[in-house]
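1. Sequence unavailable; structure follows:
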Ligand code: FEO
């Protein structure tokens, strides 16, 4: 069902072909590129889809408008997963007027050769009347590109939000969330999407949410995933928490291991945390894409990183992961490191220093415990509970995570 309301139609497409979104992030459940059509005296399209799906996209539009023209194309976001069918749209409807923020203009020219005179630049609070429908435009830069804006339909109380409030995964056949009791599996996929794609921009997401807080939003039409109606408040609440870097008690354990010793310590920590009733998720960084581990950094309030000492430094997969955390400006986490070494311990110390520079609170075992050092535990050679007491560490984490 692509009729969201009498005036708002869904004309997006599902992508089950792409394996890595942005060439980086796995898509086990696919992804949708959502585009919306507003039908009125004049018709407006809001965003397009990835050009690989342009034929299906045009077919979807034709089902609703037949031979009638599309008068306006509103560009909320220029990333090519939403803009690369602009040329196809312009070919079919050459008289169409494009509306976009000023920052989008050079991108439209640069990506698609569209000249500036074809584009009507809109600013904060500008509006467009289609007949009965009046759309207004709200600049929300850096959510998550500089040109991003959102479009508001007052009569339908509907926010066309671009990537904000989007998720990996595809909408169900009904497009809206009407058949969902709660976010269910979309919750983890939304956190993964947010942490992977938007995570760096918590402050600008917060600024956008503040700006939109006066709107009485009944429906959120984002560019990825279902249209949120019943769960719109839940989704807004989750985005609010994520953009404030708020997390729930639990541990993201991420480790790299050369010969299995640090891996054994990681598994032992996970087991002890589970026994102590602490939610945790374990991620082997040598074999797994960092996408899920980043999701759990945003989900849980404690990060535990395992890394052997490698060339006198941090094992590269663990170093890359720390870099990804730092690049997302993650705040307010508790942190512990652990790892084996062969002749000189360095990785735990270096990881703890990096964590400290990010403002994380270091946790660890009492000083007298073997291997204990500020921000973690180092152990020589093979793992054993005597050299690295994960039971004691799990108990300390349980208390610091705020679990009774
Ligand atoms: Fe879905 Fe930022 O593009």
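-> Received, thanks. These numbers come from a predicted model, not from an experiment.
2. What residues does the closest residue to the ligand within the stretch 151-300 of the chain make contact with?
-> Nearest residue of the stretch 151-300 of the chain to the ligand: residue 163, at 4.4 Å (Cβ to the nearest ligand atom). Where you see a C-beta, it was placed from the backbone N, CA and C, and this is true even at glycine. By Cβ atoms under 8 Å, 6 or more residues apart in numbering, the contact set of residue 163 is 77, 79, 143-144, 148, 197-198, 222-224.
3. ok, 10 Å please
-> 47, 76-77, 79, 81-82, 143-145, 148, 193-194, 197-198, 222-224 (Cβ atoms under 10 Å, 6 or more residues apart in numbering).
4. Which ones among those map onto helices?
-> 81-82, 193 (DSSP state H).
5. And the strands in the stretch 1-150 of the chain, which stretches?
-> Assigned by DSSP state E, counting those that start in this stretch, the strands in the stretch 1-150 of the chain fall at 8-10, 13-15, 20-21, 25-26, 31-33, 36-38, 44-46, 72-74, 97-100, 119-121, 127-129, 134-139, 149-153.
6. For the third one, give me every contacting residue.
-> For strand 20-21, the external contacting residues (Cβ under 10 Å, 6+ apart) are 15, 26-27, 30-31, 81, 168, 193, 196-197, 224, 289, 291.
7. Check which strands are paired with it and give the direction for each one.
-> Strand 20-21 has the following strand partners under DSSP bridges: strand 25-26 (antiparallel).
8. next SSE after the lowest-mean-pLDDT helix or strand in the chain?
-> Ranking every helix and strand in the chain by mean pLDDT, DSSP states H and E puts strand 372-373 at the bottom, with a mean of 90. Proceeding N to C from strand 372-373, the next assigned helix or strand is strand 376-380, under DSSP states H and E.
9. from the middle of its chain, how far away would that following strand be?
-> 33 Å (Cα atoms, centre = their mean, to the nearest Å).
10. Close to the ligand: what parts of the stretch 1-150 of the chain are there?
-> Proximity of the stretch 1-150 of the chain to the ligand (Cβ under 6 Å from any ligand atom) is limited to residues 77, 79, 81-82, 144.
11. Considering those residues, which possesses the most neighbours?
-> Counting neighbours by other Cβ atoms under 10 Å, residue 77 leads those with 26 neighbours.
12. In the protein, where is pLDDT below threshold?
-> For the chain, applying pLDDT under 70 flags the ranges 1.
13. ok so, going back, compare the strands of the stretch 1-150 of the chain and report which one is nearest to residue 229.
-> strand 8-10 (11.2 Å; Cβ to Cβ).
14. elements contacting the closest one?
-> For strand 8-10, the helices and strands in contact under the criterion 3 or more Cβ pairs under 10 Å, 6 or more residues apart in numbering; DSSP states H and E are strand 36-38, helix 54-65, strand 219-222.
15. quick revisit: now render the residues of the stretch 1-150 of the chain next to the ligand as JSON lines, adding distance to residue 320.
-> What follows is those, written out as JSON lines (distance: Cβ to Cβ, whole Å):
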{"residue": "77", "distance to residue 320": "28"}
{"residue": "79", "distance to residue 320": "24"}
{"residue": "81", "distance to residue 320": "25"}
{"residue": "82", "distance to residue 320": "29"}
{"residue": "144", "distance to residue 320": "21"}
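16. what's the closest of those residues to residue 235?
-> residue 144 (16.7 Å).
17. isn't the closest one right up against residue 195?
-> No. The pair residue 144 / residue 195 is not scored as a contact, 11.9 Å apart, by Cβ atoms under 10 Å.
18. Just give me the closest of the residues of the stretch 1-150 of the chain next to the ligand to the ligand.
-> Checking these one by one against the ligand (Cβ to the nearest ligand atom), the nearest turns out to be residue 79, at 3.4 Å.
19. how close does the closest one sit to residue 179?
-> Going from residue 79 to residue 179 by Cβ to Cβ, to the nearest Å gives 29 Å.
20. Give me every residue in the stretch 151-300 of the chain lying close to the ligand.
-> 163, 223-224.
21. Specify the beta-bridge partners of residue 45.
-> Assessed by DSSP bridges, residue 45 has beta-bridge partners residue 37, residue 73.
22. tally of neighbours for it?
-> Here the number of neighbours of residue 45 (other Cβ under 10 Å) works out to 26.
23. and the least confident helix or strand of the chain, what does it pack onto?
-> Contacts defined by 3+ Cβ pairs under 10 Å, 6+ apart place strand 372-373 against helix 347-357.
24. Could you check the angle the helix it packs on makes with strand 376-380?
-> Interaxial angle, helix 347-357 versus strand 376-380 (axes from the mean of the first three to the mean of the last three Cα atoms, to 10 degrees): 170 degrees.
25. Mind listing what's buried along helix 347-357?
-> Within helix 347-357, the residues that count as buried by 16 or more other Cβ atoms under 10 Å are 347-352, 354-355.
26. same thing with stretch 165-175?
-> For stretch 165-175, the neighbour count (16+ other Cβ under 10 Å) marks 165-171, 175 as buried.
27. So which of the residues you listed belong to strands?
-> Among these, none falls in strands (DSSP state E).
28. Need the max-distance pair from these.
-> 168 and 175 (16.3 Å).
29. Residue 332 touches residue 297, doesn't it?
-> No. Using Cβ under 10 Å, residue 332 makes no contact with residue 297, being 11.3 Å away.
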